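In: Below are the sequence and a predicted model; questions follow.
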Amino acid sequence: MSQMKHGFVLALIAVLFVLGGCSGAQFINAVTSDRGYTQTSGVAFGDHGLQLDVYAPDGVVNAPVVVFFYGGSWQAGDSRNRASYKFAGQALAAAGYVAVIPDYRLYPQVKYPDFLADCAQAVKWAHDNAAAYGGSPAKLVVMGHSAGAYNAAMLALDPDYLKAAGGDRAWLRGMVGLAGPYDFLPLTDPVLQTIFGPREQWPQTQPINHVDGHGPPLLLMAGDNDDVVYVKNTNNLYDRIQASGGKAERVTYPSMSHIKIIALMSARLPGHAELMGHVTDFVGRVTAD
């Protein structure tokens, strides 16, 4: 596909995501392959009637398990559900991973930190049930886009969330973040101010403030043309982890927007191989026996 056509397709998908609610995801999912994996939908987990979907590659044994959290500013909306991310589940399954995509409660139903508690329970479920789908609980990775990357980072950086869910941060072999908000104070949006509660607690809501040098390795990926979550979030967290003696890797894409980076998880789009190449290289290294 020519560079011009490539850019047009990605721009079209971005417009559909932004203007059409779940239309962008529907567009991608309509051309997503159903071959090579088994999708198990609507599996119950946790304490609040939540469900998750599992994408298990055919014939895998002892495979890495990737729990993927979608984004959406922690707010309810048309595309804020696991079914909209079939393309992500397929991409991870095609890479040989058991992919788990959970829902989590959103504002206005809940505020911080309740959605993090839900995400921690999803990881606990994945750890306890991975073997039934060909995955290994000893090869567990969390991943997310945008607000989902925030969720994944908080579980990786703050051990209290998994501990409260009956788990352990030591379970995590790595974290992959796409365009995540990790250092986004001050909060100026009124809805986000409500979601994250009293001003005095804002510092504790920031992933960057939980870096202790003892978390799992992080792969932080972002675009320098992201006007939704500025790339400084990725740069600042990367620098803080490096300074702490922790392990972090950074991939910055020129001319990449907030929506395009998640759209490239679709196997049908040019640029997919490059993005997933970074992911598979990282996951392969951190889950190596």
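Out: Structure received.
In: Scan this structure for its longest strand.
Out: strand 135-145 (DSSP state E).
In: neighbouring strands for that one, and are they parallel or not?
Out: strand 63-69 (parallel), strand 172-178 (parallel) (DSSP bridges).
In: Check the gap between the residue lying closest to residue 104 once chain neighbours are set aside and residue 243 for me.
Out: Nearest residue to residue 104, sequence neighbours excluded (Cβ to Cβ, 6 or more residues apart in numbering): residue 118, at 3.8 Å. Any C-beta I mention is one placed from the backbone N, CA and C, and that applies to glycine too. Using Cβ to Cβ, to the nearest Å, one obtains 31 Å as the distance from residue 118 to residue 243.
In: Please report how far residue 93 lies from residue 59.
Out: 12 Å.
In: Looking at the two, which is more packed in?
Out: Higher neighbour count among residue 93 and residue 59: residue 93, with 24 against 8, using other Cβ atoms under 10 Å.
In: Three-state assignment for the more buried one, please.
Out: Here residue 93 is recorded as helix under DSSP: H, G, I helix; E, B strand; the rest coil.
In: now the angle from the one helix or strand residue 90 maps to to strand 135-145?
Out: Taking DSSP states H and E as the criterion, the element that holds residue 90 is helix 86-94. Compare the direction of helix 86-94 with that of strand 135-145 by axes from the mean of the first three to the mean of the last three Cα atoms, to 10 degrees and you get 140 degrees.
In: what comes up buried for helix 86-94?
Out: By neighbour count, with 16 or more other Cβ atoms under 10 Å as the criterion, the buried positions of helix 86-94 are 86, 87, 88, 89, 90, 91, 92, 93, 94.
In: list the helices and strands it packs on?
Out: Using 3 or more Cβ pairs under 8 Å, 6 or more residues apart in numbering; DSSP states H and E, the elements in contact with helix 86-94 are helix 23-30, strand 37-45, strand 50-57, strand 63-69, strand 98-102.
In: strands paired with the shortest one, and their directions?
Out: Using DSSP bridges, the neighbouring strands of strand 98-102 in the sheet come out as strand 50-57 (antiparallel), strand 63-69 (parallel).
In: where's that strand relative to the chain centroid, distance-wise?
Out: In terms of Cα atoms, centre = their mean, to the nearest Å, the centre of strand 98-102 is found 10 Å from the chain centre.
In: what does the second one give?
Out: When distances are taken as Cα atoms, centre = their mean, strand 37-45 is centred 18 Å away from the chain's centroid.
In: Quick check: pLDDT value at the residue nearest to residue 104.
Out: Residue 118 carries a pLDDT value of 98.
In: And it, how far from residue 238?
Out: As judged by Cβ to Cβ, residue 118 and residue 238 stand 27 Å apart.
In: between those two, who's got more neighbours?
Out: Counted by other Cβ under 10 Å, residue 118 and residue 238 do not tie: residue 118 has more neighbours, with 24 against 20.
In: The strand or helix carrying the more buried one: which residues count as buried?
Out: Counting by DSSP H and E, the secondary-structure element that holds residue 118 is helix 114-129. Residues of helix 114-129 classed as buried under the neighbour-count rule (16+ other Cβ under 10 Å) are 114-127, 129.
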